[in-house]
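Q: What shape does this take:
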Amino acid sequence: MEIAFVLKFFGILYALVGLAMLLNPDDARRMVSTLADAERPDRLRLVSFIPLLFGLWVVLGYNAWDTVPHAVLSLFGWAAILKGGFYLLAPVEPSHKLMRLVNQARTYTVGGWFALIAGLYLAGAGFGLY
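A: All right, here's what the predicted structure looks like:
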């Protein structure tokens, strides 16, 4: 699988997630609240596999730092591994505290714009726009 496909895949994914966070911040906050339920740590452990799998896919297959789009993709891959690994391995209470701490409206506004811009950049690189 060539790097252009991976850039397109993650670019479109991040752009759509960012747009969803900007358009539906309350839905995102409810979802995180559900995951941060200290009575159900199994939810958080299960969801931790998603960033872990995507991060491992990127880092093991496409870990390159020679161009800016490749470096951004690699950086996101490593960040996903750290996030997934933390939520999988950390004790339940610190994980839930962190999720409750970041589950604020401002987080979804800033994160949504960041994901949208980064996604458009990665997708543009994947489609050869620059």
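Q: CA atoms for contacts and neighbours, from now on please.
A: Fine.
Q: what sits against the nearest residue to residue 20 once chain neighbours are set aside?
A: In this structure, residue 20 finds its nearest non-sequential neighbour in residue 112, 7.5 Å apart by C-alpha to C-alpha, 6 or more residues apart in numbering. Contacts for residue 112 (C-alpha atoms under 8 Å, 6 or more residues apart in numbering) come out as 17-22.
Q: now do residue 35
A: By C-alpha under 8 Å, 6+ apart, the residues touching residue 35 are 41, 43-44.
Q: now those: which count as buried?
A: Neighbour-count burial (16 or more other C-alpha atoms under 10 Å) applied to the contacts of residue 35 gives 41, 44.
Q: Point me to the residue sitting farthest from the middle of this protein.
A: The centre of the chain is farthest from one residue, residue 39, which by C-alpha atoms, centre = their mean lies 24.4 Å away.
Q: what kind of secondary structure is it in?
A: Here residue 39 is recorded as coil under DSSP: H, G, I helix; E, B strand; the rest coil.
Q: For it, grab phi and psi.
A: phi -80, psi -20 (degrees, to the nearest 10).
Q: I'd like to know how far it sits from residue 56.
A: Counting by C-alpha to C-alpha, to the nearest Å, the gap from residue 39 to residue 56 is 29 Å.
Q: What of residue 126?
A: Residue 126 sits 20 Å away from residue 56, going by C-alpha to C-alpha.
Q: likewise residue 85?
A: Between residue 85 and residue 56 the computed distance is 11 Å (C-alpha to C-alpha).
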